[in-house]
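Asker: predicted model follows, preceded by the sequence.
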Amino acid sequence: MSTQQAQPSGSPGRYQRSVVGLVTSLVVTVVAIAGLLYFMGVFRSELEIEPEAVDYVETVQSAQQAGLTPIYPATLPKDWIATGVDVTPGDDPVFMIRMLTDGGKFVAVRQEDSSVTALLSRWVDEKTEPADGYTVPADVPAPVARDWKGYADDGGDSAYAAEVGDETVLVFGSAPAEDLRAVVDVLVTTPIG
């Protein structure tokens, strides 16, 4: 009995399968995708993401109801927005409000039982240097602290710090020092009804 092996039928493919062919097709695909992305970008305007404002007063009220005494700005300057509030209750509570000025500069108020040095190192810069301090004007009734120590770093950030009871309050950010002082002037602990 003779064994017959099956012979392949049909004709070979129309193109040659090789490494060069694979690399060529990959290059063509990448160039086509890059061209498509460029073409789509030409007709798209710049993507602008507007920060979302949060109601910090509501969070302050909740913190007060939980037995905390947060230090917060009674009002924000015109066209400023609060962008976030952090509350960490417990034995060593932390309270922080993040804001953006009308020019998009960052300002924050942080309150916690920590040293000024530790807060500056973490939130401003490890190489923060003393700068001009600030005294809240006499016409501001019952400020949370009258005298504030000033700090600045080489990158343009600045800060004011004061001890209030057992806690340190740090007002800091990339905004000009006068904007930080405007926040210092309106800080309160007033209960929200």
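Answerer: Now that the structure is in, tell me what you want to look at.

Asker: show me where the protein dips below the pLDDT cut-off.
Answerer: Applying pLDDT under 70 to the chain picks out residues 1-17, 41-49.

Asker: and if we set it to 80?
Answerer: 1-24, 37-51, 193 (pLDDT under 80).

Asker: tell me where this structure has strands.
Answerer: 72-73, 81-88, 94-100, 106-112, 129-135, 147-152, 158-164, 167-173, 187-188 (DSSP state E).

Asker: redo the ones you listed as JSON lines? Include mean neighbour count.
Answerer: All C-beta spots, glycine's among them, are computed from the backbone N, C-alpha and C. JSON lines is the format used below for the strands of the chain (neighbours: other C-beta atoms under 10 Å):
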{"stretch": "strand 72-73", "mean neighbour count": "24"}
{"stretch": "strand 81-88", "mean neighbour count": "16"}
{"stretch": "strand 94-100", "mean neighbour count": "21"}
{"stretch": "strand 106-112", "mean neighbour count": "22"}
{"stretch": "strand 129-135", "mean neighbour count": "13"}
{"stretch": "strand 147-152", "mean neighbour count": "19"}
{"stretch": "strand 158-164", "mean neighbour count": "21"}
{"stretch": "strand 167-173", "mean neighbour count": "23"}
{"stretch": "strand 187-188", "mean neighbour count": "20"}
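
Asker: for residue 56, which of those strands is the nearest?
Answerer: In terms of C-beta to C-beta, the element of the strands of the chain nearest to residue 56 is strand 81-88, at 4.0 Å.

Asker: name the single longest helix found in this structure.
Answerer: helix 19-42 (DSSP state H).

Asker: can you put the strands of the chain in TSV and add distance to residue 119?
Answerer: Shown next, in TSV, are the strands of the chain (distance: least, C-beta to C-beta, whole Å):
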stretch	distance to residue 119
strand 72-73	17
strand 81-88	14
strand 94-100	10
strand 106-112	6
strand 129-135	14
strand 147-152	10
strand 158-164	7
strand 167-173	5
strand 187-188	16
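
Asker: for those, which one sits closest to residue 65?
Answerer: strand 81-88 (11.3 Å).

Asker: buried residues, the longest helix of the chain. List them.
Answerer: Buried residues in helix 19-42, counted by 16 or more other C-beta atoms under 10 Å: none are found.

Asker: send the alpha carbons of it over as CSV?
Answerer: In CSV, the C-alpha atoms belonging to helix 19-42 read as follows (Å, rounded to 0.1, in the frame of the first residue of the first chain):
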residue,chain,number,x,y,z
VAL,A,19,10.2,41.0,9.4
VAL,A,20,10.8,44.0,7.1
GLY,A,21,7.2,43.9,6.0
LEU,A,22,6.0,43.8,9.6
VAL,A,23,8.1,46.7,10.6
THR,A,24,7.1,48.7,7.6
SER,A,25,3.4,48.2,8.4
LEU,A,26,3.9,49.2,12.0
VAL,A,27,5.7,52.4,10.9
VAL,A,28,2.9,53.2,8.5
THR,A,29,0.3,52.6,11.2
VAL,A,30,2.0,54.9,13.7
VAL,A,31,2.5,57.6,11.2
ALA,A,32,-1.2,57.4,10.2
ILE,A,33,-2.3,57.6,13.9
ALA,A,34,0.0,60.5,14.6
GLY,A,35,-1.3,62.3,11.5
LEU,A,36,-4.9,61.8,12.6
LEU,A,37,-4.2,63.1,16.1
TYR,A,38,-2.5,66.1,14.7
PHE,A,39,-5.4,66.8,12.3
MET,A,40,-7.9,66.5,15.1
GLY,A,41,-5.8,68.9,17.3
VAL,A,42,-5.7,71.6,14.6
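
Asker: many thanks, we can stop here.
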